[in-house]
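**Q** What follows is a predicted protein model with its sequence.
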Amino acid sequence: MTEASITLPRSRPIRIGTWVLRILLALVFGAAGSAKLAGVAMLVTEFDKIGLGQWFRYVTGATELIGTVLVLIPGTTFYGAIVLLCVCGGALIAQIGPLRGDVIHVLVLGALNALTIWWTRPASRG
């Protein structure tokens with residue numbers, strides 16, 4: 001067994017909670033990533049306001065979908081949640097900066113990703 005595959009012992013409630021979080025994150029980020037790639041008008045407008053060009057919308061949508069897939073695969077959940085937490089970090093910067101929008105939803109999703117990272121972290125040597 002490799003170090004990366006060693007996980008900390010988990011209680012049943014934490015295992016169930018982790019699955020609930022994984023499914024919730026997959027639904028939210030899968031929908032958001034798909035909407036970005038589909039070119040939903042509201043998102044096209046938002047990414048125009050950000051000012052980096054529409055290529056950034058495609059990169060963000062693809063990153064969200066990659067994170068979604070990783071979160072759903074048991075051995076890669078930790079890494080998928082890190083990817084999605086990075087997306088939340090970028091979204092927070094965009095909301096505080098050019099979008100001047102609501103940051104609460106970004107903070108909540110970031111917190112859920114952080115909890116998923118904590119619950120699925122690899123065991124440390126020691």
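**A** Everything's here; your move.

**Q** What segments of the chain are strands?
**A** Counting by DSSP state E, one finds no strands in the chain.

**Q** Residue nearest the middle of it, spatially speaking?
**A** Nearest to the mean C-alpha position of the chain, by C-alpha atoms, centre = their mean, lies L84 at 2.1 Å.

**Q** what's the lengthiest helix in the chain packed up against?
**A** The single longest helix within the chain, with elements called by DSSP state H, is helix 12-38. Other helices and strands packing on helix 12-38, by 3 or more C-beta pairs under 8 Å, 6 or more residues apart in numbering; DSSP states H and E, are helix 41-50, helix 54-72, helix 77-96, helix 104-120. (Each C-beta comes from the backbone N, C-alpha and C, glycine too.)

**Q** related to what we said a few turns ago, ok, now which ones touch the spatially closest residue to the residue nearest to the centre of the chain that is not a sequence neighbour?
**A** Of all residues not flanking L84 in the chain, G67 sits nearest, at 4.1 Å (C-beta to C-beta, 6 or more residues apart in numbering). Taking C-beta atoms under 8 Å, 6 or more residues apart in numbering, we find G67 in contact with F29, G80, A81, V83, L84, V87.

**Q** if I pick the residue nearest to I117 when sequence neighbours are not counted, what's in contact with it?
**A** What sits nearest to I117 in space, not counting adjacent residues and going by C-beta to C-beta, 6+ apart, is A81, at 4.6 Å. By C-beta under 8 Å, 6+ apart, A81 lies in contact with L25, G67, L70, V71, N113, A114, T116, I117, T120.

**Q** Between the residues you listed, which sits nearest T60?
**A** G67 (10.6 Å; C-beta to C-beta).

**Q** Quickly note the distance from the closest one to A123.
**A** 23 Å (C-beta to C-beta, to the nearest Å).

**Q** got it, and G90?
**A** As for G90, its distance to A123 is 30 Å (criterion: C-beta to C-beta).
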